[in-house]
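Student: quick one: sequence and predicted model below, then my questions.
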Amino acid sequence: MATLKGVPYWQMVFRHALPNALLPAINVVALTIAWLLGGVVVIEVVFNYPGLGRLMIDSISDRNLPVVQSIALIVASVYVCVNLAADLLTMIANPKLRTMYMRK
């Protein structure tokens, strides 16, 4: 329809197609980052890389509860921050969500 009205191609892509395609992509990227964060423990143990995942496994085997709790807190806070950033980007990209959440 926009082509029939004479709208340029770049304007159709950036104004109509991109915002609609961007919303699911933001959520998929956020969930993928969270999934990768959980998989880092397995990768670090299998390939013997030093890192938070390896430290957590060693702390669990040594029964070092404060270290396990702090690493779990770090992982959980990163997960929450990534999902919060995805939700905020989704609200910015979709004007309908912006008006729905900003009403009194």
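Tutor: Perfect, I can see it now. Numbers count the residues shown, from 1 in each chain.
Student: so where's the protein uncertain?
Tutor: Flagging of the chain using pLDDT under 70 yields the residue ranges 98-104.
Student: geometric centre of the protein: which residue is closest?
Tutor: What sits nearest the mean C-alpha location of the chain, by Cα atoms, centre = their mean, is Ala30, with 1.8 Å.
Student: wait, that residue sits on Val80?
Tutor: No: in this structure, Ala30 is not within contact of Val80 by Cβ atoms under 8 Å, at 10.8 Å. C-beta here means a position set from N, CA and C on the backbone, and glycine is covered the same way.
Student: so how far is Leu37 from Ala76?
Tutor: 10 Å (Cβ to Cβ, to the nearest Å).
Student: of these two, which one has the most company?
Tutor: More crowded of Ala76 and Leu37, by other Cβ atoms under 10 Å: Leu37, with 17 against 11.
Student: now do the same contact list for the more buried one.
Tutor: Leu37 makes contacts with Val75, Val78, Tyr79, Val82, as judged by Cβ atoms under 8 Å, 6 or more residues apart in numbering.
Student: buried subset of the residues you listed as a PyMOL selection?
Tutor: Buried residues among the contacts of Leu37 (16 or more other Cβ atoms under 10 Å), as a PyMOL selection:
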select buried, resi 75+79+82
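Student: residue contacts, Asp58?
Tutor: Asp58 neighbours (Cβ under 8 Å, 6+ apart): none.
Student: repeat that with 10 Å
Tutor: Asp58 is in contact with Val45, Pro50, Asn64, Val67, Val68, counting by Cβ atoms under 10 Å, 6 or more residues apart in numbering.
Student: contacting residues around the last one?
Tutor: With contact taken as Cβ under 10 Å, 6+ apart, Val68 is in contact with Leu55, Met56, Ile57, Asp58, Ser59, Ile60, Asp62.
Student: and for Gln69?
Tutor: Counting by Cβ under 10 Å, 6+ apart, Gln69 touches Ser59.
Student: sort out which residues of the host helix or strand of it are buried, please.
Tutor: Using DSSP states H and E, the element containing Gln69 is helix 65-93. Within helix 65-93, the residues scored as buried using 16+ other Cβ under 10 Å are Val68, Ile71, Val75, Tyr79, Val82, Ala86, Leu89, Thr90, Met91, Ala93.
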